[in-house]
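Visitor: I would like to see how this sequence folds:
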Amino acid sequence: MPGLPGVPSQPRPAPVLFTAACPDCRARFELSAGALRLAIGASARTTFYSFTCPECGAAVRKPAGERIVELLTGGGVRTLRLHSTV
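Guide: Sure thing, here's the model as predicted:
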């Protein structure tokens, strides 16, 4: 879509891609932010990211430490905050 006359257009940022690997089929690939989900819980055990392997279709869930959480949230990955039931 062309911009308005006399108004400079903003360049679109390049989509963020994340490198991931499947523990089932051992494939390595890049995923967009939309292909990942991040769940942040009250502990390290309940903080993880997940995706579906594009090669074999396996549901993959991996732990997400502080640095991974920072990278994924900064890259636009949808985040679910888990609440404690205590």
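
Visitor: so Ala58 sits right up against Asp24, yeah?
Guide: Yes - A contact is recorded between Ala58 and Asp24 when judged using CB atoms under 8 Å, the distance being 4.2 Å. Quick note: C-beta positions are derived from backbone N, CA and C, even for glycine.

Visitor: what is the neighbour count of Arg78?
Guide: Around Arg78 there are 12 other residues, counting by other CB atoms under 10 Å.

Visitor: if I look at the closest residue to it other than its chain neighbours, what pLDDT would I see?
Guide: For Arg78, ignoring the flanking residues on the chain, the nearest one in space by CB to CB, 6 or more residues apart in numbering is Arg37 at 5.8 Å. With respect to pLDDT, Arg37 has a value of 97.

Visitor: in contact with Arg37: list those residues for me.
Guide: When contacts are counted by CB atoms under 8 Å, 6 or more residues apart in numbering, Arg37 is found next to 49-51, 77-80.

Visitor: which one is Asp15 nearest to, not counting chain neighbours?
Guide: Not Asp; residue 15 is Pro. Among residues not flanking Pro15 along the chain, Ser32 sits closest, at 5.8 Å (CB to CB, 6+ apart).

Visitor: where does pLDDT dip in this structure?
Guide: For the chain, the stretches with pLDDT under 70 are 1-4, 6-13, 84-86.

Visitor: distance from the chain centre to stretch 68-84, please.
Guide: Average the C-alpha atoms of stretch 68-84, do the same for its chain, and the two points are 8 Å apart (CA atoms, centre = their mean, to the nearest Å).
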